[in-house]
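Novice: what would the 3D arrangement of this be:
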Amino acid sequence: MKKGEKRKQELLKIAYDMFLTRGYENTSVDEIIEKAQIAKGTYYYHFQSKEQMLEEVIDMMIDSEIETAKQIIGMDISVPQKIVGIIASMKPTEVEQPIKDTLFQPENVLMHHKVRKQLIDVLTPLLSEVIQEGVDEGIFECDNIPERVKMLLIISDGTFNEGTFSERDISVFIDMTEKLLGAENGTMSFIYDLIDKSEMEGAQ
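Specialist: From the prediction side, this is the model:
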C-alpha cells in the first residue's frame, strides 16, 4: 500500500472510531484533523468534505462485511445457515448503529439511497452463489437466480426497513420467497428470526 493510501486508511479508521464514540454530527473535521495530527491541507487532499468521509467510512464497513460473507460461503455448513450468516454479516454491529442512524437523517437521504443500492449490488452475487448451491442440492428449483435474489432484496428492504410492518407482512414475504425460489413450504421459515422487529406494529 502506498504511503498516501495508508494515510487515508488511517484517517478513515480515526473517523470511524470518532463517529462511533461521539456520533457523526458531534464530530467536526477540525477534531478529526487534531486527532490525526495532520495539516488541514492533508485532510482536504484526501476528502472534499465530512460527508465524503462518512461515505468512505461506510464503504470500509461494507468491504469488511463482504470479506466475512465470503468466508461464510466457503464454510462446510448448510445452505440455510449460509444465507443466515451472509445476511447477518451485512448488518451493522450494535456499536456501529450510530453510523447507520446517521443515514436515516433527512439531510443524508441521497447517501442513504446510494448505500442501499450498493448493499443490494454486493449482496446479490453473494446470495446468488448460495442459492445456486441450494439448486444443485435440490433445495431450490429456479432459474434466473440473480434477478430473483435482487427482487427479494428490494422487496425486503422496502418492506422491513421503511416504516412499520406486521406479522402478516413477514408471513407473506416468507411464502413469496419460497415460491420465488421453488422451495418447499417451511424451507425459508428461518427468515422470521432474521428480521428486526423493532418497527413491527405493536412492538412498542
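Novice: contacting residues for Gln97?
Specialist: Residues near Gln97 by CB atoms under 8 Å, 6 or more residues apart in numbering: none. From N, CA and C alone the C-beta is placed, and that goes for glycine too.
Novice: distance of the residue nearest to Lys40 when sequence neighbours are not counted from Ser89?
Specialist: Nearest-residue entry for Lys40: Ile33, 5.7 Å, with adjacent residues in sequence omitted and distances by CB to CB, 6 or more residues apart in numbering. Look at Ile33 and Ser89: by CB to CB, to the nearest Å, they are 33 Å apart.
Novice: ok, then the element right after the helix or strand of the chain with the lowest mean pLDDT?
Specialist: Within the chain, confidence by mean pLDDT, DSSP states H and E is lowest for helix 97-103 among all helices and strands, at a mean of 78. Proceeding N to C from helix 97-103, the next assigned helix or strand is helix 109-136, under DSSP states H and E.
Novice: what helices or strands is that next one leaning on?
Specialist: helix 50-73, helix 79-89, helix 97-103, helix 145-160 (3 or more CB pairs under 8 Å, 6 or more residues apart in numbering; DSSP states H and E).
Novice: list the buried residues in that helix.
Specialist: By neighbour count on 16 or more other CB atoms under 10 Å, the buried set for helix 109-136 is 111-112, 115-116, 119-120, 122-124, 126-135.
Novice: tell me the mean pLDDT over that helix?
Specialist: Throughout helix 109-136, pLDDT has a mean value of 90.
Novice: not counting sequence-adjacent ones, nearest residue to the most far-flung residue of the chain relative to its centre?
Specialist: Centroid-distance maximum for the chain: Ala39 at 33.2 Å, with CA atoms, centre = their mean. What sits nearest to Ala39 in space, not counting adjacent residues and going by CB to CB, 6+ apart, is Ile33, at 7.7 Å.
Novice: who are the neighbours in contact with the one you found?
Specialist: Counting by CB under 8 Å, 6+ apart, Ile33 touches Ala39, Lys40, Thr42, Tyr43.
Novice: tell me the pLDDT at the first one?
Specialist: Read it as Ala39. 94.
Novice: against Met53, how distant is it?
Specialist: Applying CB to CB to Ala39 and Met53 gives a distance of 16 Å.
Novice: likewise the second one?
Specialist: Counting by CB to CB, the gap between Lys40 and Met53 amounts to 14 Å.
Novice: who's more crowded, the two?
Specialist: The neighbour comparison of Lys40 against Met53 (other CB atoms under 10 Å) goes to Met53, with 24 against 10.
Novice: how close does that one sit to Glu5?
Specialist: Distance, Met53 to Glu5, using CB to CB: 15 Å.
Novice: also Gly23?
Specialist: In terms of CB to CB, Gly23 sits 27 Å off from Glu5.
Novice: so these two - more neighbours on which side?
Specialist: A direct count of neighbours by other CB under 10 Å for Gly23 and Glu5 places Gly23 higher, at 13 against 10.
Novice: need the contact list for the more buried one.
Specialist: Going by CB under 8 Å, 6+ apart, Gly23 touches Pro98, Thr102.
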